[in-house]
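Student: for reference, the sequence and a predicted model appear below.
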Amino acid sequence: MKRIYFDHNATTPLAPEVLAAMMPYLTEEYGNASSIHAYGQNAREAVEQARSSVAALLGARAAEVMFTSGGTESSNHAIFGAVAAAPGKSKHVITSAIEHVAILDPCRALAKSGIDLTILPVDCDGLVNPEDVRRAILSETVLITIMLANNETGTIEPIEEIGKIAAEKGIVFHSDAVQAAGKIPIDVDKLGVNLLSISAHKFNGPKGVGALYVRKGTHLGPLMYGGHSERDRRPGTEDVAAIAGMGKAAELALAHLKDESERTGGLRDRLEQGLLDRVPQSWVNSARAPRAPNTSNMTFPFIEGESMVIALDLKGIACSTGAACSSGALEPSHVLMALGLAPEDARATLRLSLGRQTTEGEIDFALETIPQVIERLRQLSPVYKKPAIA
Ligand code: PLP
């Protein structure tokens, strides 16, 4: 059976060039990057080369890039580290309702420990209003954290405008750019961020490695204690192979950024239009907002997203839903709820996320298969109402 992968926002395949870049450090070059002998120096060289490549992807200086275990750690470190390092007793943090749980959960943990937290709403396209950020700022505000591109809808947030407001008020500004890296250009100076999180496995790199950009002069406390690596900020022996892989993935992402975003954007638009034409009463979420070019989030009312994902998987198409399993029950996505969707519509939503290996032929196959699967499931649905024929 032909198998098609439309779940690149969950993770991406490792690029062959990345695997090749990692191999020496999984085999003969096994030195510890902190050792002073030749083995160690070779490992150190690989880490520093990767740091420069990641910095180039972000428009940053190499010294401002800290390697971590991935997006979740980068954002936890940014949030807990910035709040801990901020002076004063009463502290306030601003975030948005559509953030990934890697942001929302640390913020909620801070709130439990007595930090004041504001979670800003978004408009019906999933955009944060920078003026809402300005209005939410208090004299105690120590951190603003708003994502660059949303993982479910692809919405690109007005980070540059928010960055200007944060800089005006002298507040540390973090952005979760996990879903933006490799899909849209990132320039940390233009965005005006102090801190920015990325993760290698979202751009054809290995899992379990990420980076946190830390602007020079930003006060950031440690997340862990136990050694001197990463300028005393992140202890533990570096995973040299993973870091070398991330460096190669960053190089490839930067080299192909323009072509790939145009190519996947064209494929995504054809997929969306084709599904809108073929599936009555369907719509695209966040359609009017600027979006990451690879991401489509579509609602097909009257059916459960989970049934669609299972039925599509049986036909060879891998994608995901607008629902998350929480304590054994299917909860509608908090992102779609924040956009104002009804819970049953949020549950009737699919996320289709394309990537570097997606082809025109796969889009043709999806346009043939997805409407058939939806029609069959709708016929079985007790709540399905066929549109009246005009
Ligand atoms: N932030 C966003 C927006 C994500 O989509 C993800 C992964 O799904 C993460 C953070 C977490 O990244 P990681 O899997 O590297 O921990």
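Tutor: Structure's in. What do you need? Numbering: from 1, shown residues only.
Student: following element in sequence after the helix or strand bottoming out on mean pLDDT in the chain, please.
Tutor: In the chain, no helix or strand scores lower on mean pLDDT, DSSP states H and E than strand 323-326, which sits at a mean of 58. Scanning forward in sequence from strand 323-326 by DSSP states H and E, the next helix or strand is strand 329-332.
Student: tell me the strands beside that following strand, with direction?
Tutor: Counting by DSSP bridges, the strands paired with strand 329-332 are strand 323-326 (antiparallel).
Student: the ligand contacts on this protein?
Tutor: Selection of the chain residues close to the ligand by CB under 6 Å from any ligand atom yields 70-72, 100, 102, 147, 151, 176, 178-179, 199, 210. Glycine gets a C-beta too; all of them are placed from N, C-alpha and C.
Student: identify the farthest-apart pair in those residues.
Tutor: Of all pairs drawn from the residues of the chain next to the ligand, the greatest distance, 15.4 Å, lies between Gly70 and Met147 (CB to CB).
Student: who's more crowded, these two?
Tutor: The residue with more neighbours, out of Gly70 and Met147, is Met147; 27 against 23, by other CB atoms under 10 Å.
Student: which residues does that one contact?
Tutor: When contacts are counted by CB atoms under 8 Å, 6 or more residues apart in numbering, Met147 touches 96, 98-100, 103, 157, 175-179.
Student: what's around Ala289, how many residues?
Tutor: 20.
Student: okay but it is in contact with Cys124, surely?
Tutor: No. Contact between Ala289 and Cys124 fails when scored by CB atoms under 8 Å: they sit 9.5 Å apart.
Student: name the helices or strands packed onto the helix ranked longest in the chain?
Tutor: Using DSSP state H to define each element, the chain has its longest helix at helix 240-278. Contacts defined by 3 or more CB pairs under 8 Å, 6 or more residues apart in numbering; DSSP states H and E place helix 240-278 against helix 16-26, helix 38-58, strand 283-284, strand 295-299, helix 360-380.
Student: how about 7 Å then?
Tutor: If you count contacts as 3 or more CB pairs under 7 Å, 6 or more residues apart in numbering; DSSP states H and E, helix 240-278 packs onto helix 16-26, helix 38-58, strand 295-299, helix 360-380.
Student: tell me the most buried of the ones you listed?
Tutor: strand 295-299 (a mean of 25; mean count of other CB atoms under 10 Å).
Student: ok now that strand, how far from the chain's centre?
Tutor: Centroid separation for strand 295-299 versus its chain: 15 Å, with CA atoms, centre = their mean, to the nearest Å.
Student: and the angle from the very next helix or strand once past it to strand 295-299?
Tutor: Using DSSP H and E, the helix or strand that directly follows strand 295-299 along the chain is helix 305-314. Going by axes from the mean of the first three to the mean of the last three CA atoms, to 10 degrees, helix 305-314 is angled at 120 degrees with respect to strand 295-299.
Student: tell me what the helix or strand just after helix 305-314 is packed against?
Tutor: Using DSSP H and E, the helix or strand that follows helix 305-314 towards the C-terminus is strand 317-318. Strand 317-318 sits against strand 4-5, with contacts defined as 3+ CB pairs under 7 Å, 6+ apart.
Student: the closest residue to Phe203 other than its chain neighbours in helix, strand or coil?
Tutor: Nearest non-adjacent residue to Phe203, counting by CB to CB, 6 or more residues apart in numbering: Gly182, 3.1 Å away. Secondary structure, DSSP: H, G, I helix; E, B strand; the rest coil: Gly182 is coil.
Student: what is the burial count for Gly182?
Tutor: 29.
Student: from now on call the first residue 14
Tutor: Okay, using 14 as the starting number, the last item reads as Gly195.
Student: mind listing what it touches?
Tutor: 215-216, 266, 270 (CB atoms under 7 Å, 6 or more residues apart in numbering).
Student: a markdown table for those residues, including neighbour count and pLDDT?
Tutor: Shown next, in a markdown table, are those (neighbours: other CB atoms under 10 Å; pLDDT from 0 to 100):
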| residue | neighbour count | pLDDT |
| --- | --- | --- |
| Lys215 | 28 | 98 |
| Phe216 | 29 | 98 |
| Ala266 | 25 | 98 |
| Leu270 | 18 | 97 |
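Student: what residues sit buried inside stretch 177-185?
Tutor: Residues of stretch 177-185 classed as buried by neighbour count (16 or more other CB atoms under 10 Å): 177-179, 184-185.
Student: next, the buried residues of the longest helix of the chain.
Tutor: Neighbour-count burial for helix 253-291 flags 253-267, 269-270, 273-274, 276-278, 280-281, 284-285, 287-288 (criterion: 16+ other CB under 10 Å).
Student: where does the protein have low pLDDT?
Tutor: For the chain, applying pLDDT under 70 flags the ranges 335-342, 401-403.
Student: many thanks, I have nothing further to ask.
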